[in-house]
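Enquirer: below: sequence and its predicted model.
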Amino acid sequence: MTLLRTVGIETSCDETAVAVLDADGRIESEAMASQVSSHARYGGVVPELASREHLQALPWLMERALAAAARPPELVAVTAGPGLVGALLVGVRYAAAFAWGRSLPLVAVDHLEAHLASPFLDADGGPAASMPERVLALVASGGHSSWYLVEETGSRRLCRTRDDAAGESFDKVAQALGLPYPGGPVVDRIARTGDPVAVPLPRPRLADSRLDFSFSGLKSAAVRWIREHRLSAGGGVEPDRAVRDLLASFERAVVEQLLAPLDELAAEHRPLLLTASGGVAANTELRRRLQEKADALGLGVRLPARRLTTDNAAMVARAGQLAHARGFWSDPRRLDARPREAWQPPGMRGLSTTSGGV
Ligand code: KG4
Ligand code: ZN
């Protein structure tokens, strides 16, 4: 399989990111601008603001990433969806113009395919690892929580959350306590000093599905507990015992919800490896429990370096590089954003085509 040196562009949510990979998937350069501080006072991402900031940041990030790379890219990969439509459009049209202007091939990347590729990247400058046949992969972020089976022929979603995403539930509970956005990293830190069995929280299962999971009942129960007990984290510097216990109990419940389908999925699909990606894959408790589970099931586990769990362009470049080698490409004159999760096995086929592009 011949792989091309690739520049990846990511603008699906609130990170503007550009990265260049060499032909072995080595991260050669990365440039990123986080919008977290612009959205923080609204407690979540404001779509219009995100688009405008992507528009401002992308040209100079591109310049910086290209200047730091050893040689120019041979392929342009861009996240085309799912995500915020205005934010995606900035990246997609910028990537298309860049590819068109330099006569480079273009490939549209599904943001979830990109997350699935992230555990195989080396954050310390080494080549990317190859993916074994049959990986059972969790993607848990602010917008998605699903298990996938990743095979040579593509990826297939096996089960998912029916309501909130795991990261979203961390963000909402943090917000109810007056903690800053995004809530996940702060909750992770505070929960380590709390008692995870102190607060009884539900782990609802769905009546009509053995595998899908739900976070909204759990989130509402935690928020109710916060209101009833008048809990507040007071900026999160030294939260009191009651706050620490609630967060430890909530975090444990979220992790157990995410891992609940794992035994059944492993028995049915006989994977060779477990992976996790997406912002929530940075979570200490999730990483520990996943390792424990993998040991119990006799499976290998591969987790991305923490900085590659959240949205980044290296994973977009890697997914695009592999997709292009499998024959996918997009027409720069016609490529459009795909805001919705349109997951079709095998993955990228919903976004790219070998016969004219989208
Ligand atoms: O993958 P990501 O950067 O963006 C999306 O595609 O959504 O994920 C961001 C989400 C946020 O909800 C954030 O609170 C959560 O990931 N997150 C965490 C941790 N770090 C980030 N959740 C739990 N524990 C963490 N350490
Ligand atoms: Zn993401």
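Expert: That came through, no problem. Ligands and ions are numbered 1, 2, ... in the order given.

Enquirer: now the helices for the stretch 201-350 of the chain?
Expert: Remark: helices assigned in the stretch 201-350 of the chain by DSSP state H, counting those that start in this stretch are 216-228, 241-259, 262-269, 284-297, 313-325.

Enquirer: okay, the ones you listed in TSV with mean neighbour count next?
Expert: Just so you know, the C-beta spots here come from the backbone N, C-alpha and C atoms, and that holds for glycine as well. Formatted as TSV, the helices of the stretch 201-350 of the chain follow (neighbours: other Cβ atoms under 10 Å):
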stretch	mean neighbour count
helix 216-228	17
helix 241-259	22
helix 262-269	15
helix 284-297	16
helix 313-325	30
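
Enquirer: which positions in the chain make contact with ligand 1?
Expert: Within reach of ligand 1 by Cβ under 6 Å from any ligand atom, the chain has these residues: 13, 141-143, 167-168, 170-171, 182-185, 188, 278-280, 282-283, 310-311.

Enquirer: what about those, which are in strands?
Expert: With strands taken from DSSP state E, there is no overlap with these.

Enquirer: can you check the pLDDT for Tyr42?
Expert: With respect to pLDDT, Tyr42 has a value of 81.

Enquirer: kindly report the same for Arg340.
Expert: Arg340 carries a pLDDT score of 77 in this model.

Enquirer: so it sits against Gly81, correct?
Expert: Yes: look at Arg340 against Gly81 with Cβ atoms under 8 Å: they come within range, at 6.8 Å.

Enquirer: of those two, who's got more company?
Expert: Each of Arg340 and Gly81 has its neighbours counted (other Cβ atoms under 10 Å); Gly81 has more, 23 against 11.

Enquirer: not counting sequence-adjacent ones, nearest residue to that one?
Expert: Of all residues not flanking Gly81 in the chain, Arg338 sits nearest, at 3.1 Å (Cβ to Cβ, 6 or more residues apart in numbering).

Enquirer: kindly report the same for Ala282.
Expert: Thr309 is the one closest to Ala282 (Cβ to Cβ, 6+ apart), at 4.3 Å.

Enquirer: neighbours of that neighbour, just the number please.
Expert: 25.

Enquirer: got it, and Arg203?
Expert: 15.

Enquirer: can you give me the distance of it to ligand 1?
Expert: With distances taken as Cβ to the nearest ligand atom, to the nearest Å, Arg203 is found 17 Å from ligand 1.

Enquirer: contacts only, for the closest residue to ligand 2 within the stretch 151-300 of the chain.
Expert: Minimum separation of the stretch 151-300 of the chain from ligand 2 (Cβ to the ion) falls at Gly278, amounting to 5.6 Å. Gly278 sits next to 115, 138-141, 144-145, 167, 309-310 when contact means Cβ atoms under 8 Å, 6 or more residues apart in numbering.

Enquirer: may I ask which of those has the most neighbours?
Expert: Busiest of the contacts of Gly278 [other Cβ under 10 Å] is His115, holding 32 neighbours.

Enquirer: which ones are touching that one?
Expert: By Cβ under 8 Å, 6+ apart, the neighbours of His115 are 139, 141, 144, 277-278, 315.

Enquirer: farthest-apart pair in those residues, please.
Expert: By the measure Cβ to Cβ, His144 and Met315 form the most distant pair in the contacts of His115, at 13.8 Å.

Enquirer: I figured Leu112 hits Val139, correct?
Expert: Yes: judged on Cβ under 8 Å, Leu112 makes contact with Val139 at a distance of 5.6 Å.

Enquirer: residue contacts, Ser130?
Expert: When contacts are counted by Cβ under 8 Å, 6+ apart, Ser130 touches Phe120.

Enquirer: over to it. Which of the three states is it?
Expert: coil (DSSP: H, G, I helix; E, B strand; the rest coil).

Enquirer: how about the one 3 residues further on?
Expert: With three-state DSSP as the basis, Glu133 sits in coil.

Enquirer: just give the nearest non-adjacent residue to it, would you?
Expert: Glu152 (5.7 Å).

Enquirer: could you give the number of residues near that neighbour?
Expert: By other Cβ under 10 Å, 10 other residues sit near Glu152.

Enquirer: now do the phi/psi pair for the residue nearest the centre of the chain.
Expert: Compute the mean C-alpha point of the chain, and by Cα atoms, centre = their mean the closest residue is Gly278, 2.8 Å away. When read as degrees, to the nearest 10, the backbone of Gly278 gives phi 90, psi 160.

Enquirer: show me what from the protein comes close to ligand 2.
Expert: 141, 311 (Cβ under 5 Å from the ion).

Enquirer: what residue in the stretch 251-358 of the chain comes nearest to ligand 2?
Expert: Closest contact between the stretch 251-358 of the chain and ligand 2, by Cβ to the ion, is at Asp311 (4.4 Å).

Enquirer: that residue: neighbour count?
Expert: 28.

Enquirer: surely it meets Ala19?
Expert: No: Asp311 lies out of contact with Ala19 (Cβ under 8 Å); the separation is 11.4 Å.

Enquirer: which neighbours do the two share?
Expert: In contact with both Asp311 and Ala19: no residue, using Cβ under 8 Å, 6+ apart.

Enquirer: identify the residues contacting the helix or strand of the chain with the lowest mean pLDDT?
Expert: Counting by mean pLDDT, DSSP states H and E, the chain has its least confident helix or strand at helix 36-40, which shows a mean of 83. Residues from elsewhere that reach helix 36-40 (Cβ under 8 Å, 6+ apart): 14, 45-46, 49-50, 53, 180-182.
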